[in-house]
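> structure of the sequence below:
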Amino acid sequence: MDWFGLLSSELREQLRPTSLGWYSVENPFAPDPSQGYSLKAGAACLSAGMPNFPSLYALRESLSFLLGLSVEAIYEKSRPWWNVCASGFSNSAATC
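I've put the predicted structure just below:
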């Protein structure tokens, strides 16, 4: 099953990355890194180091694939998922 989710900025600020790199900290060249570090704000703290080139190649191919599809084809494939989401919202106890 495929999953898609959103993360609020408040919750994101509570999370800590599992790895660090010179892109994710405020001063990667501090005189004494053993004294600690300060993470960059926001999503920048998740950038560990050099770009993940294999994922960039996969992204390029994915975009090429998607650009080759018609809007109608995307709609037809995604409509069942939207129907499930819509029925879940209409059946929920939360109201607007």
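
> now what about the helix or strand harbouring residue 87, what contacts it?
Using DSSP states H and E, residue 87 sits within helix 71-91. Residues outside helix 71-91 that contact it (CB atoms under 8 Å, 6 or more residues apart in numbering) are residue 66. C-beta: built from backbone N, CA, C; applies to glycine.

> and stretch 20-35, by the same measure?
Around stretch 20-35, the neighbours that count as contacts under CB under 8 Å, 6+ apart are 17, 37, 38, 39, 40, 44, 45, 46, 47, 48, 49.

> so for the helix holding residue 87, what's the average pLDDT?
Mean pLDDT, helix 71-91: 84.

> only alpha carbons, please: show it as CSV.
C-alpha atoms of helix 71-91 as CSV (Å, rounded to 0.1, in the frame of the first residue of the first chain):
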residue,chain,number,x,y,z
VAL,A,71,-4.2,14.3,-17.3
GLU,A,72,-7.1,11.9,-18.0
ALA,A,73,-4.9,8.8,-17.4
ILE,A,74,-3.7,10.2,-14.1
TYR,A,75,-7.3,11.0,-13.1
GLU,A,76,-8.5,7.5,-14.0
LYS,A,77,-5.8,5.9,-12.0
SER,A,78,-6.1,8.1,-8.9
ARG,A,79,-9.9,8.4,-8.8
PRO,A,80,-10.4,5.2,-6.7
TRP,A,81,-7.9,6.6,-4.1
TRP,A,82,-9.7,9.9,-4.0
ASN,A,83,-13.1,8.1,-3.6
VAL,A,84,-11.7,6.2,-0.6
CYS,A,85,-10.4,9.4,1.0
ALA,A,86,-13.6,11.3,0.3
SER,A,87,-15.7,8.5,1.8
GLY,A,88,-13.4,8.4,4.9
PHE,A,89,-13.9,12.1,5.4
SER,A,90,-17.6,12.0,5.0
ASN,A,91,-17.9,9.1,7.5
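
> what's the following helix or strand after the helix-or-strand element of the chain with minimal mean pLDDT?
Every helix and strand in the chain was compared by mean pLDDT, DSSP states H and E; the lowest is helix 9-14, with a mean of 78. Helices and strands here follow DSSP H and E; after helix 9-14, the next one along the chain is helix 53-67.

> just the angle for that following helix relative to helix 71-91, thanks.
100 degrees (axes from the mean of the first three to the mean of the last three CA atoms, to 10 degrees).
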